[in-house]
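> Curious how this folds, go ahead:
(chains A and B)
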Amino acid sequence: MELLEEVKFLLRITRTHSIVRRYFVVNGFDGALTMLGLIIGFLVSSHTNLTVIINACLGAAIALAISGLSSAYISESAERQRALANLEDAMISNLQESAHGQAVTRMSILIALVNGLAPLVISLLILTPLWLSNAGFALPIYPLYAAIIIALLLIFLLGVFLGRIAGISWWRSGIKTLLVAVLTAALIYLFTGL
Amino acid sequence: MASVRRIVLDVLKPHQPNALEFCQAIARKGADYYVHLTVNEMDESTETLQLEITGNAIDFDAVQSTINDMGGSIHSVDEVEVQGETKPE
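Numbers count the residues shown, from 1 in each chain, chains lettered A, B, ... in the order given. Below is the predicted model:
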């Protein structure tokens, strides 16, 4: 509880709420579209073993997570260090021991975690039908179709989330992101399936 | 031992945490602390405050450390009221 309060306090003083949200949506969207692309690619290819599909998708998800973690940490800690240096100049004092100094590392870690975990978690959710099917669970539809439906649903939900933040029509925002996914699917099908 | 009953400080702090959070954090350092804050000057990224703290026994070190933890720094101690061990008749 204390940790949560501290995180909220640091988010407030560094005004990083919007950055965290942005990273979550941007990289979550990346994860969902990457999985969608991979699954459609496998779907239009000749019959591929489910384990191979899972491993390929999992590999991409892990790569996205590590890329998100490292890139966000490196860029955010540089940005935060610069902001701290500017504040130190204005305050004419060393702020390394203050909440602002602690925020450099802690907020960079938080943002990196959000940036890395968003695509990983979304990818794992999309891969759930493939795992279930591979483990012997009978699904009502072909697992790759089920994964595509989950991907589209998650992309729609990310749009809904953005709509709620912007205070605009949530369904319109959801449809917008869904259209991006449909366009992506169409392009992949056009270039690989025909 | 003498007790500090009231201090008035000239403090420079960043805009964040805001005045409300700043006061609350200081007030939490003592059960009977009463904190009065006035923003005297506002800059692009800093603000100069006059901070008046009233209490039965103000722990100046704890107040200073709280101000520093929140990124602030005490420029001067402008007024002090200290109570001796026994109250004068």
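> next one: stretch A:61-76 to chain centre, how far?
Stretch A:61-76 sits 10 Å away from the centroid of its parent chain (C-alpha atoms, centre = their mean, to the nearest Å).
> Can you give me the buried ones in that stretch?
Within stretch A:61-76, the residues that count as buried by 16 or more other C-beta atoms under 10 Å in any protein chain shown are A:Ala61, A:Leu64, A:Ala65, A:Gly68, A:Leu69, A:Ala72, A:Tyr73, A:Glu76. Where C-beta positions appear, they are placed from N, C-alpha and C, glycine not excepted.
> Counting by contacts, list what whichever helix in chain A runs longest packs against.
In chain A, taking DSSP state H as the definition, the longest helix is helix A:50-91. Secondary-structure packing of helix A:50-91 (3 or more C-beta pairs under 8 Å, 6 or more residues apart in numbering or on different chains; DSSP states H and E): helix A:17-44, helix A:99-134, strand B:3-14.
> Would you reformat the ones you listed as JSON lines and include distance to A:Phe156, mean pLDDT and mean neighbour count?
Conversion of those to JSON lines gives the following (distance: least, C-beta to C-beta, whole Å; pLDDT from 0 to 100; neighbours: other C-beta atoms under 10 Å in any protein chain shown):
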{"stretch": "helix A:17-44", "distance to A:Phe156": "10", "mean pLDDT": "92", "mean neighbour count": "20"}
{"stretch": "helix A:99-134", "distance to A:Phe156": "12", "mean pLDDT": "94", "mean neighbour count": "21"}
{"stretch": "strand B:3-14", "distance to A:Phe156": "41", "mean pLDDT": "95", "mean neighbour count": "19"}
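> Select, out of the ones you listed, the one closest to A:Leu11.
Across the helices and strands packed on helix A:50-91, A:Leu11 has its closest neighbour in helix A:17-44 (5.5 Å, C-beta to C-beta).
> the inter-axis angle of that closest one versus helix A:50-91?
Helix A:17-44 runs at 160 degrees relative to helix A:50-91, counting by axes from the mean of the first three to the mean of the last three C-alpha atoms, to 10 degrees.
> how much space between the residue most central in space within chain A and chain B?
The centroid of chain A falls nearest to A:Gly28 when counting by C-alpha atoms, centre = their mean (2.1 Å). Distance, A:Gly28 to chain B, by C-beta to the nearest C-beta, to the nearest Å: 28 Å.
> Could I get the contacting residues of that residue?
If a contact means C-beta atoms under 8 Å, 6 or more residues apart in numbering or on different chains, then A:Gly28 has A:Ala118, A:Pro119, A:Val121, A:Ile122, A:Leu154, A:Leu158 as its contacts.
> cool, and A:Leu144?
Per C-beta under 8 Å, 6+ apart, neighbours of A:Leu144: A:Ile39, A:Phe42, A:Leu43, A:Ile53, A:Pro129, A:Leu130.
> Closest to chain B out of those residues?
A:Ile39 (44.1 Å; C-beta to the nearest C-beta).
> show me the contacts for the closest one.
Residues near A:Ile39 by C-beta under 8 Å, 6+ apart: A:Ile53, A:Cys57, A:Ile126, A:Leu144, A:Ala147, A:Ile148, A:Ala151.
> For it, which non-adjacent residue is spatially closest?
A:Ala147 (5.1 Å; C-beta to C-beta, 6 or more residues apart in numbering or on different chains).
> Quick check: mean pLDDT of the host helix or strand of the one you found?
A:Ala147 belongs to helix A:143-166 when assigned by DSSP states H and E. Helix A:143-166 shows a mean pLDDT of 93.
> Quick check: the gap between the residue nearest to A:Ile39 and chain B.
Taking C-beta to the nearest C-beta, one finds A:Ala147 at 44 Å from chain B.
> how near is that residue to A:Gly37?
Separation of A:Ala147 from A:Gly37 (C-beta to C-beta, to the nearest Å): 12 Å.
> Give the residues shared as contacts by those two.
With C-beta under 8 Å, 6+ apart, A:Ala147 and A:Gly37 have no common neighbours.
> Going by distance to A:Thr105, which of the contacts of A:Gly28 wins?
If you rank the contacts of A:Gly28 by distance to A:Thr105 using C-beta to C-beta, A:Ala118 comes first, at 20.5 Å.
> what's near enough to touch that closest one?
A:Tyr23, A:Phe24, A:Val25, A:Asn27, A:Gly28, A:Gly31, A:Gly68 are the contacts of A:Ala118 under C-beta under 8 Å, 6+ apart.
> Turn the contacts of A:Ile39 into a markdown table, including distance to B:Val8.
Formatted as a markdown table, those follow (distance: C-beta to C-beta, whole Å):
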| residue | distance to B:Val8 |
| --- | --- |
| A:Ile53 | 70 |
| A:Cys57 | 64 |
| A:Ile126 | 61 |
| A:Leu144 | 71 |
| A:Ala147 | 66 |
| A:Ile148 | 67 |
| A:Ala151 | 62 |
